[in-house]
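Trainee: Let me see the structure of the following:
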Amino acid sequence: MQKSRFYAFLGGLAATLVVGAGCASRPKAYAEVSVVSSARHRAASNDALVAEAQAAVAVVETPDGRGLGVVLDPTGYIVTNRHVVEDATHVESVSFPAHDPPRTYHSVEVVYTDPERDLALLRVHTDDTLPHLPVASRKPLPIARYLDPGDPVMLMEFEHPTEGDRIPDPSTSVFRAHNASVTTLGAVNPAAGPGQFVGIDADVKRGQSGGPIIDRYGRVVGIVTWTWRDKVGGFAIPVADVLAMLGERPSLDSNAQHRDRIAERSREFLSALGRGDVDDARRITSPSHARRVRTDAVEKITAQLDRDGAPVIQGFFAAVESLVGDDDPFGMLRDVVSRTATPEFREALALPDDLEDAQIVSFFFEVGQAYLIARVAGGMEPQEALRRALARLETTDAARTFAIADVLTELAGSAVEIQSVEVVPGAYSPTAVVSLARAGGRPGGKGAQGRFLTLHMKLEWGDWYVTSVSPTPLSD
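Mentor: Prediction:
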């Protein structure tokens, strides 16, 4: 961005700021998280506006990458994108490069991830009071109540010296403020989440995910989330959706609340499977368990690449490539993937007997679909599409496909009823067992008299998630 544009933007900000007493509302409590909204006019200089924004923006580091976040509660609560943290096993650190001196915290908890919106709530465990930003509204009001098309806004980019593949020391890096204008309040992209997104005319780059969009009054009006490939501009989740997430977060302060939530989530999961809505069921599937299932299956399949399986996998991708240009490539993909579960395919790939057919299908479905999306929707060349397809396997969303496949295999299409819920205390986090009974009973099936199953759940990311379904052992 040219300096002249940026200084012109700051000059525009100055014209909108009124010198006088600021007007901030009382904090609005969402459980233990408190947010503050401010009026449209407050005392501030140009430099102070940028400095306040920089001080409240955090760099979120995970073993898999980096994103941004913004402090909304000075006790350490930070909002970022779900995709910044969901594919990692933990958050390595949260850093504040604009502080003097820069601060880095390593005790960071993923408090909650929104099951549908691309949002996550983190908490830095510290006795420090963190600089924070007000929001444009203390309640989840419509976007048009606090933002208009054409409004000037600001977003942050984390810049650091080039050091090859090595992640640089945050203390040597800085935030740069970039100006932008609001282009739309009503962008829709179901693949990115529900609701409407705020469009801006500034490019959103890798690493800016989770950072705030700030209006000319210094208030958070959105959270950066996605951009179109090869198109100018980016999109943000309205801050109203952030407040909605905080308000929808389940309250789990008592054993009774835990049991009620476990039962509710179990019903949601089973109902989603019953109506064939795998996407909804996937959202309630444990991310940590899914990653373990995925890792085991992928290792067994890719091990054959070092033996005699490479031609077989190459043949699969050749078959998928032949669908590019077809009137219904994704419909035809189902037929190609279904062949991977045949005994002939297993034998050709020399897959071990302990690898379930459902896991094989999950593997080839995920890479095949990702390849087609990259080729058909993304316009990528075959080699780039292949890399994108293999990278897809590393995502938590793909991992959940493997876990869901195990559950579907165990349920075998049966209708089930919840019989009881039991919370099991754990050293790190509690787990739960939900007793299920097949409706009407099925003599000769799995489990006690073929009728009873156990749904296993785990408390993770501030909510209860399904890990697996297993036959209920016969009692002595």
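
Trainee: per the record, what domains does this structure have?
Mentor: 3-246, 255-275+413-471, 278-407 (automatic domain parsing).

Trainee: In TSV, list those domains along with mean pLDDT and mean neighbour count.
Mentor: From N, CA and C alone the C-beta is placed, and that goes for glycine too. Shown next, in TSV, are the domains of the chain (pLDDT from 0 to 100; neighbours: other C-beta atoms under 10 Å):
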stretch	mean pLDDT	mean neighbour count
domain 3-246	84	18
domain 255-275+413-471	87	16
domain 278-407	93	17
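
Trainee: show me where the stretch 1-150 of the chain has helices.
Mentor: 3-16, 46-56, 82-85 (DSSP state H, counting those that start in this stretch).

Trainee: And the stretch 151-300 of the chain, by the same measure?
Mentor: Under DSSP H, counting those that start in this stretch, the stretch 151-300 of the chain gives helices at 239-248, 255-274, 278-283, 287-302.

Trainee: Turn the ones you listed into CSV, columns for distance to residue 99.
Mentor: Shown next, in CSV, are those (distance: least, C-beta to C-beta, whole Å):
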stretch, distance to residue 99
helix 239-248, 23
helix 255-274, 37
helix 278-283, 36
helix 287-302, 31
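
Trainee: Between those, which one is closest to residue 454.
Mentor: helix 255-274 (11.1 Å; C-beta to C-beta).

Trainee: Show me what that closest one is packed against.
Mentor: Here helix 255-274 touches helix 278-283, helix 396-411, strand 416-424, strand 431-438, strand 452-460, strand 463-471, going by 3 or more C-beta pairs under 8 Å, 6 or more residues apart in numbering; DSSP states H and E.

Trainee: Tell me the helices and strands packed up against the shortest one.
Mentor: For helix 278-283, the contact count by 3+ C-beta pairs under 8 Å, 6+ apart identifies helix 255-274, helix 396-411 as packing neighbours.

Trainee: ok, now the third one?
Mentor: Counting contacts by 3+ C-beta pairs under 8 Å, 6+ apart, the secondary-structure elements packed against strand 416-424 are helix 255-274, strand 431-438.

Trainee: Same list (these) but as JSON lines, adding distance to residue 338.
Mentor: JSON lines is the format used below for these (distance: least, C-beta to C-beta, whole Å):
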{"stretch": "helix 255-274", "distance to residue 338": "20"}
{"stretch": "strand 431-438", "distance to residue 338": "27"}
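
Trainee: which residue sits closest to residue 27, ignoring its sequence neighbours?
Mentor: residue 34 (4.0 Å; C-beta to C-beta, 6 or more residues apart in numbering).

Trainee: Kindly provide the distance from that neighbour to residue 73.
Mentor: 5 Å (C-beta to C-beta, to the nearest Å).

Trainee: any common contacting residues for those two?
Mentor: In terms of C-beta atoms under 8 Å, 6 or more residues apart in numbering, residue 34 and residue 73 are not both contacted by any residue.

Trainee: Was I right to think residue 320 contacts residue 370?
Mentor: No: with contact defined as C-beta atoms under 8 Å, residue 320 does not count as touching residue 370 (10.0 Å).

Trainee: So which residues make contact with the helix or strand containing residue 331?
Mentor: Here residue 331 sits within helix 329-338, counting by DSSP states H and E. For helix 329-338, the external contacting residues (C-beta under 8 Å, 6+ apart) are 316, 319-320, 323, 326, 361, 364-365, 368-369, 372, 376.

Trainee: Test my guess that residue 103 contacts residue 128.
Mentor: Yes: contact criterion C-beta under 8 Å: residue 103 and residue 128 qualify, at 7.3 Å.

Trainee: coming back round to it: would a markdown table of the helices and strands packed on helix 278-283 with distance to residue 143 be doable?
Mentor: Output for the helices and strands packed on helix 278-283, formatted as a markdown table (distance: least, C-beta to C-beta, whole Å):
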| stretch | distance to residue 143 |
| --- | --- |
| helix 255-274 | 28 |
| helix 396-411 | 27 |
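
Trainee: what's the closest of these to residue 91?
Mentor: Taking those one by one with C-beta to C-beta, helix 396-411 is closest: 14.2 Å.

Trainee: Please tell me how far residue 69 sits from residue 101.
Mentor: Applying C-beta to C-beta, the value for residue 69 to residue 101 is 20 Å.

Trainee: brain fart, residue 51
Mentor: For residue 51, the distance to residue 101 - C-beta to C-beta - is 15 Å.

Trainee: Using CSV, please lay out the helices and strands packed on helix 255-274 together with distance to residue 139.
Mentor: Below are these laid out as CSV (distance: least, C-beta to C-beta, whole Å):
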stretch, distance to residue 139
helix 278-283, 26
helix 396-411, 31
strand 416-424, 34
strand 431-438, 34
strand 452-460, 29
strand 463-471, 23
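
Trainee: closest to residue 79 out of these?
Mentor: Closest of the helices and strands packed on helix 255-274 to residue 79 is strand 463-471, at 16.7 Å (criterion: C-beta to C-beta).

Trainee: Against which helices or strands is that closest one packed?
Mentor: Contacts defined by 3+ C-beta pairs under 8 Å, 6+ apart place strand 463-471 against helix 255-274, helix 287-302, helix 396-411, strand 431-438, strand 452-460.

Trainee: how about residue 326, what does it touch?
Mentor: Contacts of residue 326 (C-beta under 8 Å, 6+ apart): residue 332.

Trainee: got it, and residue 112?
Mentor: Counted by C-beta under 8 Å, 6+ apart, residue 112 has contacts 120-121, 245, 249, 461-463.

Trainee: wait, which of the residues you listed is closest to residue 283?
Mentor: For the contacts of residue 112, the residue nearest residue 283 by C-beta to C-beta is residue 463; the value is 10.1 Å.

Trainee: Quick check: beta-bridge partners of the closest one?
Mentor: Applying DSSP bridges to residue 463 gives these bridge partners: residue 460.

Trainee: what bridges to residue 121?
Mentor: If you apply DSSP bridges, the partners that residue 121 bridges to are residue 79, residue 112.

Trainee: Run through who's touching stretch 133-148.
Mentor: Stretch 133-148 has contacts (C-beta under 8 Å, 6+ apart) with 24-25, 28, 35-38, 52-53, 56, 70-72, 182, 185, 196, 198, 212, 214-215, 217-221, 238-244, 247.

Trainee: try it again with 7 Å
Mentor: 24-25, 28, 35-38, 52-53, 56, 70-72, 182, 185, 196, 198, 212, 215, 218-221, 238-240, 243-244, 247 (C-beta atoms under 7 Å, 6 or more residues apart in numbering).
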